[in-house]
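1. Please find the sequence and the predicted model below.
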Number of protein chains: 2
Amino acid sequence: MTKHAKLAPTGCGECPIRYRAVCSKCDADELTELETIKYYRSYEAGQTILWAGDQMGFVGSVVSGVATLTQTMEDGRTQMVGLLLPSDFVGRPGRDSAAYNVVATSDVVMCCFRKSPFEDMMARTPHIAHRLLQMTLDELDAAREWMLVLGRKTAREKIASLLSIIARRDASLSLGVAAGRVVFDLPLTREAMADYLGLTLETVSRQISALRKDGVIVLDGKRHVTVPDMDRLMDEAGDDNDGGMLI
Amino acid sequence: MTKHAKLAPTGCGECPIRYRAVCSKCDADELTELETIKYYRSYEAGQTILWAGDQMGFVGSVVSGVATLTQTMEDGRTQMVGLLLPSDFVGRPGRDSAAYNVVATSDVVMCCFRKSPFEDMMARTPHIAHRLLQMTLDELDAAREWMLVLGRKTAREKIASLLSIIARRDASLSLGVAAGRVVFDLPLTREAMADYLGLTLETVSRQISALRKDGVIVLDGKRHVTVPDMDRLMDEAGDDNDGGMLI
DNA sequence: TCGAGGCCTTGACCCAGATCAATTAGGACA
DNA sequence: TGTCCTAATTGATCTGGGTCAAGGCCTCGA
């Protein structure tokens, strides 16, 4: 149960998501107030952070790791509806039960705020409310792009789309970029990718193999991916490739 | 070009969406200020309100009629990513070009606010910012439910889901409800439904016929629908039918 | 060193929904 | 009353991705 838990940041000053999370616009006083209602919490890979329908006593931000938001039908069909990366926000002010399952895909550290003090503070603090609006609008855009992927793309295009989303994100965090070449690790199992894309895991596996055979990606093991030519990958994804800049 | 345009409301006092739109929490003074930057505009059925990529000088609310938000790939595949009903908000503060095509599906009246004065006012007026956050969170929830439909439901379930969304909305506006019986007009062509659901129009047509043959719906003409048993329809949609109340 | 259990890959076959192609229904207008 | 036009239906056929099944390849623990 308790492995060596990743160290949580000790305060907002050293926080890795200080300038991207809900609190990014807060001034020193506001941060001080936030510190009084916040606490850190760690989850291991595979652990469920919240079950749909649960009462939730907190809202919060992902500090490190990756989590997923999923929806399930009675017969077990499941669809991922959100991919939570560091700085992403969990929970909805004004709602007290979780709408989706939230599952840690890797080890995750969350910065949690007790719900009702946070709501009070948000009502008084436009910096927080405004940033949350921005983030929610960004999520809505992402959800809409994803709807095009789910509704209209072929299996191969779906995989290429997912890879290019992950590649672009990692590139924006300035990991392995060099002359159009991008290197990253997949943070998802084949099954999770299938749930993301509305496919079966077999189809995911086949299409990844096909992209590898065609030289669009290079695999080292099952998770480590090199994209030799980002433009080629974007082409495969079927996206308007009109020079959408990294970042 | 100019048929007899539907009369726009003359002021916020008589506005049919006064208590549901972005302005719903505004007090009298705030409304007075809004009136100085707003104007009405009408569009005919079929007309494009905004093209993706266009500069947009306004944001605004749908007052009456139905419009769609769609995304298109170079080869013409299109996916609807939003269905705009009266009181829904169009445009994103802080962004100056449209991200999607916005098309009037029926005759539409919009209440438009000049963009930069609206942004200024929003920065000063928590009532507006807060309501916009609420509405955006609702849209995000709707988008996520839609993702489950697109990714994991069968064609028949997709159609049933769409019908029950429309039926529930109309029921909440208290049109023809009586003892589980709901009556409404489809605001979309078969093609628009296909774009909503990630299907072809032929499949839409076939599945509607199938639901009719099976007695799940009764059709009068091509657009007028009666649902004899709402629970039955919800079953067909594959949704958790644990008493989700109308509204 | 071996076995167990996850994860992943690959093959063979099948079917829901796409595609291609008529045909019909319902207005609008002359 | 016919004729044109667009939306919708229906049929025949094809195919991308699902389903079922059999291994392969790790890592971990004994």
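-> Good, I have the coordinates. Numbers count the residues shown, from 1 in each chain, chains lettered A, B, ... in the order given.
2. got the residues of chain A near chain B?
-> Residues of chain A lying near chain B by C-beta under 8 Å from any C-beta of the partner chain: A:69, A:71, A:73-75, A:77-79, A:81-82, A:92, A:94, A:99-100, A:123, A:126, A:129-130, A:132-134, A:136-137, A:139-141, A:143-148, A:150-152, A:197-198, A:238, A:240. To be clear about C-beta, it is placed using only N, CA and C from the backbone, and glycine gets the same treatment.
3. For ChimeraX, what selects the buried ones among these?
-> A single ChimeraX command selects the buried members of the residues of chain A next to chain B (16 or more other C-beta atoms under 10 Å in any protein chain shown):
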select /A:69,71,77,78,79,81,82,92,99,100,126,129,130,132,133,134,136,137,139,140,141,143,144,145,146,147,148,150,151,152,197,198,238
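4. Just want the most central residue of chain A.
-> Centroid-nearest residue in chain A, with C-alpha atoms, centre = their mean: residue A:84, separated by 2.5 Å.
5. Pretty sure residue A:41 sits against residue A:110.
-> Yes - the pair residue A:41 / residue A:110 is scored as a contact, 5.0 Å apart, by C-beta atoms under 8 Å.
6. before we move on, the earlier item: for residue B:166, see how far away the residue nearest to the centre of chain A is.
-> 32 Å (C-beta to C-beta, to the nearest Å).
7. re the thing from before, restricted to strands, list the residues of chain A next to chain B.
-> A:69, A:71, A:78-79, A:81-82 (DSSP state E).
8. of residue A:41 and residue A:110, who's got more company?
-> The neighbour count for residue A:41 versus residue A:110, taken as other C-beta atoms under 10 Å in any protein chain shown, is higher for residue A:110 (25 against 15).
9. shouldn't the more buried one be in contact with residue A:49?
-> Yes - the criterion here is C-beta under 8 Å, and residue A:110 meets it with residue A:49 at 7.2 Å.
10. Mind listing the shared neighbours of the two?
-> Shared contacts of residue A:110 and residue A:49, defined by C-beta atoms under 8 Å, 6 or more residues apart in numbering or on different chains, comprise A:43, A:90.
11. so how many other residues sit close to the nearest residue in space to residue A:56 that is not next to it in sequence?
-> Spatial nearest neighbour of residue A:56, excluding adjacent residues (C-beta to C-beta, 6 or more residues apart in numbering or on different chains): residue A:98 at 5.2 Å. A count of nearby residues for residue A:98, using other C-beta under 10 Å, gives 19.
12. and residue A:98, what does it touch?
-> Contacts of residue A:98 by C-beta under 8 Å, 6+ apart are A:50-54, A:56, A:91.
13. next helix or strand past the lowest-mean-pLDDT helix or strand in chain A?
-> Within chain A, no helix or strand scores below strand A:176-178, which has a mean of 58 by mean pLDDT, DSSP states H and E. Using DSSP states H and E, the helix or strand that follows strand A:176-178 in sequence is strand A:181-185.
14. Can you confirm whether that following strand lies near DNA strand D?
-> No - judged by C-beta under 7 Å from any atom of the strand, strand A:181-185 and DNA strand D are separated, with a smallest distance of 13.1 Å.
15. Can you point out the buried residues in that strand?
-> Here strand A:181-185 shows A:182-184 as buried, counting by 16+ other C-beta under 10 Å.
16. Please apply the same query to stretch A:84-103.
-> A:84-93, A:98-103.
17. Check stretch A:26-36 too.
-> Using 16+ other C-beta under 10 Å as the test for burial, stretch A:26-36 gives A:26, A:30-31, A:34.
18. Pull the residues that contact it.
-> A:11-12, A:23, A:113, A:121, A:125, A:127-128.
19. residue farthest from the centroid of chain A?
-> Relative to the chain centroid, chain A (C-alpha atoms, centre = their mean) has residue A:29 farthest, 29.1 Å.
20. what about that residue, distance to DNA strand C?
-> For residue A:29, the distance to DNA strand C equals 45 Å [C-beta to the nearest atom of the strand, to the nearest Å].
21. That residue and residue A:124, how far apart?
-> For residue A:29, the distance to residue A:124 - C-beta to C-beta - is 12 Å.
22. nearest to DNA strand D, of the contacts of stretch A:26-36?
-> Nearest to DNA strand D among those, counting by C-beta to the nearest atom of the strand, is residue A:11 at 32.7 Å.
23. That closest one and residue A:18: what is the separation?
-> Distance from residue A:11 to residue A:18, by C-beta to C-beta: 10 Å.
24. Neighbour count: these two, which is higher?
-> Between residue A:11 and residue A:18, residue A:18 has the larger neighbour count (other C-beta under 10 Å), namely 16 against 12.
25. Let me know whether that one touches residue A:12 as I believe.
-> Yes - counting by C-beta under 8 Å, residue A:18 touches residue A:12, with 6.2 Å between them.
26. show me what contacts residue A:236?
-> Contacts of residue A:236 by C-beta under 8 Å, 6+ apart are A:156-157, A:160, A:211, A:216.
27. Which one of the residues you listed is nearest to chain B?
-> Nearest to chain B among the contacts of residue A:236, counting by C-beta to the nearest C-beta, is residue A:157 at 9.2 Å.
28. Secondary structure of the closest one: a helix, I assume?
-> Yes - assignment of residue A:157 by DSSP: H, G, I helix; E, B strand; the rest coil places it within a helix.
29. ok, for it, nearest residue in space, not its chain neighbours?
-> residue A:238 is the one closest to residue A:157 (C-beta to C-beta, 6+ apart), at 4.5 Å.
30. That neighbour reaches residue B:72, doesn't it?
-> No - applying C-beta under 8 Å as the test, residue A:238 and residue B:72 come out as separate, 11.4 Å apart.
31. Can you check which helix is longest in chain A?
-> Counting by DSSP state H, the longest helix found in chain A is helix A:126-152.
32. Show me what from chain A comes close to DNA strand C.
-> Residues of chain A lying near DNA strand C (C-beta under 7 Å from any atom of the strand): A:189-191, A:201-202, A:204-206, A:208-209, A:219, A:222-223.
33. And the buried ones among those residues, selectable in PyMOL?
-> Command for PyMOL that selects the buried part of the residues of chain A next to DNA strand C, burial taken from 16+ other C-beta under 10 Å:
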select buried, chain A and resi 190+204+205+208
